[in-house]
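> below are the sequence and a predicted model for it; my questions follow.
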Amino acid sequence: MTEADIAAYRRNGYHFPIRVMSPLDSNKNLARLKAFECSHSGSIPGKLKIKSHLLLTWVHKLVSHPAVLDAVEDLLGPNILCWNSSFFIKNTNDPAYVS
């Protein structure tokens, strides 16, 4: 990340976008997610939505992807631990909302 990116993060508490994978890799991961959902009646069971990086190798590969770790390291330093990963999915045309 550039110094301007880091300054924006410190000022706003977030920064985006950060490209961490190619569109092809992104599509492959989306296909993995959809296949996983299909194998569980169309949605991820509640218990698997949290800390899924501990159970699913493809999620672990995402949270430990070098480009993801490089960006996080630029902000937080080299001593990094993934404490949690979670899926918060709102599908197209889903009438649900987050208050």
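That came through, no problem.
> mind naming the longest helix for this protein?
Criterion DSSP state H: the longest helix present in the chain is helix 23-38.
> does anything pack onto that one? Which helices or strands?
Packing contacts for helix 23-38, counted by 3 or more C-beta pairs under 8 Å, 6 or more residues apart in numbering; DSSP states H and E, involve helix 57-63. (C-beta placed from N, C-alpha, C; glycine too.)
> buried residues of the helix it packs on, list them for me.
59, 62-63 (16 or more other C-beta atoms under 10 Å).
> and residue 87, what does it touch?
Residues near residue 87 by C-beta atoms under 8 Å, 6 or more residues apart in numbering: 33, 44, 49, 52.
> give the PyMOL command for selecting the buried subset of those.
Per 16+ other C-beta under 10 Å, the buried members of these correspond to this PyMOL selection:
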select buried, resi 33+44+52
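> okay, the contacts of residue 87 in CSV with pLDDT and distance to residue 6 next?
Shown next, in CSV, are those (pLDDT from 0 to 100; distance: C-beta to C-beta, whole Å):
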residue, pLDDT, distance to residue 6
33, 90, 30
44, 80, 33
49, 81, 31
52, 87, 29
